[in-house]
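Engineer: My questions concern the predicted model and sequence given below.
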Amino acid sequence: MAASRKTPPDLIDRLTQQWPDLESGHSVLELGLSGGLDSVVLLHLLCRWRAAGGPSLSAVHVHHGLSAYADAWAAFCEALCRDKGVPLRVERVNVSRAGGESLEAEARKARYAAFGKSSAKVVVLAQHQDDQAETVVLQLLRGGGPHALAAMPAWRRLGGLSLWRPLLDVPRSALQAYAETHGLAWIEDDSNADPRWRRNWLRLDWLPSLAEVQPDYRRSLARVASNMADAAAMLDELIEQDRALCEVDGRLGLAKLSSLSLPRQRQLLLRWAQSHGLGEGTPAALEEFRGQLWTAARDRNPLWRLPHGVVQRYRAALWPVPDLFGEMPGACEISFDPASRADLPQWGGALSWRADPKGLALRLGQPLVLKPRQGGERLAQAAGRKPVKTLLQEAGIPPALRTRWPLLFDQSHELLALPSVAVAYDAKSGGGERWWPLWQPKAWQGYGSVE
Ligand SMILES: Nc1ncnc2c1ncn2[C@@H]1O[C@H](COP(=O)(O)OP(=O)(O)OP(=O)(O)O)[C@@H](O)[C@H]1O
């Protein structure tokens, strides 16, 4: 049987032709070796390449401890690498469902974390054309867009190193033929035969039926992946351009947003919200919000609720407001230190100080109290005591941020300031150095302040 299959003569050429440049500094490779057919064939190819003057080589086997055979797989990889003179590290990882994902997804995360610890410049993995085709179908069934359908790239960054998948355009049958021709031994993962896993069901049932009507489906699906990779890259470029057009200080300007076509508005909003850590919204919630954006009355401030925060329309812009759903903070004592910046996660921001002749006269270590608004507070201003609510409105603070905007009191509960917005007029008398309190909500960190 082994002799009857024809080995493609060019498998090693296909590998080396993808290699960018031996002089580029990528001269050390580490192979992810599971002990299965694919990575055993890749080990053989890389060893041949090494013998012909190619990059030096090591391997990593990730021991997940999930199968009764896990120790036997590690032992198999150790013996194979010893025989080939390839240094092997066996990484034992703990996989649990603690993250709330499937065991398969947790195992994958642990595996890639172990790959990321490599001291090589490039980690090489043995996914092939059948894996790519399966990934495209799985992403299609999940309802994925261009990024998901782009499936696996041949090269990508993983932390400080590169991941390389040189066999992505090689069908599994060619790897099997190669293994048989060279008399290679490998292990079969028992879980690959379990049809309860969607990928296995595809591989064992669905794709063989598809192959009967379209034998070249792998190539078509690989083409989908590469077309979608281009589409995804172009989408990224367009979103970046649109973002540069619409975003000022972390807010999206509505006038500029309205000049974009509807699909561009949608894509920009989704990406922008994600980049502010608000998570991925449902298409229905986004459409509802987009409808309100242009129709809600001027004095309304519609919200787009996302898994980790909200986006609020306020005046002529959209504001990202992360995590407003925790418990409201209580009163909090601090002591004045102009050199320190106090991160106050429960309040959703950070308090700092700036020397300013119009600020407060405070002494180092003076006790101060931060309290949330109760309603009805007033702050002394030149023209009388002004409601805090009016001061926040005048400063253009969107309503979603006002509930957690801290009020700064002295120890006798006199309101001293609304940080970044105003300080008490009567607190301005007296000599010495003066300080202006600054409140920077998490949503604005990395951008300017409200002033
Ligand atoms: N236990 C392991 N130890 C080291 N490398 C592994 C291990 N399991 C898989 N790999 C590497 O990853 C490649 C792909 O394996 P597999 O398709 O099982 O995993 P995956 O990481 O889930 O892939 P995908 O990126 O398609 O989700 C293998 O060919 C091999 O190079």
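Structural biologist: Cool, got the structure.
Engineer: going forward, measure contacts and count neighbours with C-alpha atoms only.
Structural biologist: Noted.
Engineer: Please give the number of neighbouring residues around Arg199.
Structural biologist: Neighbours of Arg199 under the rule other Cα atoms under 10 Å: 18.
Engineer: my guess is Ala110 meets Arg92, correct?
Structural biologist: No: with contact defined as Cα atoms under 8 Å, Ala110 does not reach Arg92; the gap is 9.5 Å.
Engineer: what about these two, which has more around it?
Structural biologist: A direct count of neighbours by other Cα under 10 Å for Ala110 and Arg92 places Ala110 higher, at 21 against 15.
Engineer: Contact partners for the more buried one?
Structural biologist: Residues in contact with Ala110 (Cα atoms under 8 Å, 6 or more residues apart in numbering) are 93-95.
Engineer: Tell me the pLDDT of it.
Structural biologist: Per-residue pLDDT puts Ala110 at 92.
Engineer: what sits up against stretch 357-374?
Structural biologist: Residues contacting stretch 357-374 (Cα under 8 Å, 6+ apart): 328-338, 403-411, 413, 416, 423, 427-437.
Engineer: Oh, that last question was meant for stretch 112-126, not what I typed.
Structural biologist: 25-33, 38-39, 42, 60, 62, 91, 93, 158-168.
Engineer: Of the contacts of stretch 357-374, keep whichever come out buried.
Structural biologist: Neighbour-count burial (16 or more other Cα atoms under 10 Å) is assigned, among those, to 329, 336-338, 404-409, 416, 423, 427, 434-437.
Engineer: what does the protein have sitting close to the ligand?
Structural biologist: With Cα under 6 Å from any ligand atom as the criterion, the chain meets the ligand at residues 32-34, 38-39, 60-63, 108, 125-127.
Engineer: which parts of the helix or strand hosting Glu212 are buried?
Structural biologist: Assessed by DSSP states H and E, Glu212 sits inside helix 207-213. For helix 207-213, a neighbour-count test (16+ other Cα under 10 Å) marks Leu207 as buried.
Engineer: Now do that helix: distance to the chain's middle.
Structural biologist: 36 Å (Cα atoms, centre = their mean, to the nearest Å).
Engineer: pLDDT on that helix, on average?
Structural biologist: Rounded mean pLDDT across helix 207-213 is 95.
Engineer: Not counting residues beside it along the chain, what's closest to His63?
Structural biologist: The shortest distance from His63 to any non-neighbouring residue, by Cα to Cα, 6 or more residues apart in numbering, is to Arg92 (4.6 Å).
Engineer: Could you identify the helix or strand that succeeds the helix or strand harbouring Ala114?
Structural biologist: For Ala114, the host element (DSSP H and E) is helix 103-116. Using DSSP H and E, the helix or strand that directly follows helix 103-116 along the chain is strand 122-124.
Engineer: ok, and what's touching the helix or strand just after that next one?
Structural biologist: The C-terminal neighbour of strand 122-124 among helices and strands, as given by DSSP H and E, is helix 129-141. By Cα under 8 Å, 6+ apart, the list of residues contacting helix 129-141 from outside reads 148-152, 167-172, 199, 202-203, 217-219, 221-222, 224-225.
Engineer: Can you tell me the closest non-neighbouring residue to Asp337?
Structural biologist: The spatially closest residue to Asp337, leaving aside those adjacent along the chain, is Leu364, at 5.6 Å (Cα to Cα, 6+ apart).
Engineer: What pairs with the helix or strand where Leu416 lies, parallel or antiparallel?
Structural biologist: For Leu416, the host element (DSSP H and E) is strand 415-418. Note on strand 415-418: by DSSP bridges, its sheet partners are strand 407-410 (antiparallel), strand 422-423 (antiparallel).
Engineer: will you turn those strands into TSV that also has mean pLDDT?
Structural biologist: Putting those into TSV (pLDDT from 0 to 100) gives the following:
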stretch	mean pLDDT
strand 407-410	94
strand 422-423	93
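Engineer: Ok, which of those comes nearest Leu252?
Structural biologist: Using Cα to Cα as the measure, strand 422-423 is the one of the strands paired with strand 415-418 that comes nearest Leu252, at 25.6 Å.
Engineer: show me the contacts for the residue in the stretch 151-300 of the chain positioned nearest to the ligand.
Structural biologist: Here the stretch 151-300 of the chain gets closest to the ligand at one residue, Met152, 6.8 Å apart by Cα to the nearest ligand atom. By Cα under 8 Å, 6+ apart, Met152 lies in contact with 132, 135, 225.
Engineer: So it: helix, strand or coil?
Structural biologist: Using DSSP: H, G, I helix; E, B strand; the rest coil, the structure places Met152 in coil.
Engineer: measure it to Gln265 for me?
Structural biologist: From Met152 over to Gln265 the distance is 27 Å, taken as Cα to Cα, to the nearest Å.
Engineer: likewise Val321?
Structural biologist: For Val321 relative to Gln265 (Cα to Cα), the value is 19 Å.
Engineer: now do Trp197
Structural biologist: The value you get for Trp197 to Gln265, if Cα to Cα is used, is 37 Å.
Engineer: quick one, which of those two is more surrounded?
Structural biologist: Gln265 (18 against 12).
Engineer: What is the neighbour count of the closest residue to that one other than its chain neighbours?
Structural biologist: Leaving aside its sequence neighbours, Gln265 sits nearest to Leu257 (Cα to Cα, 6+ apart; 6.5 Å). Look at Leu257: counted by other Cα under 10 Å, it has 22 neighbours.
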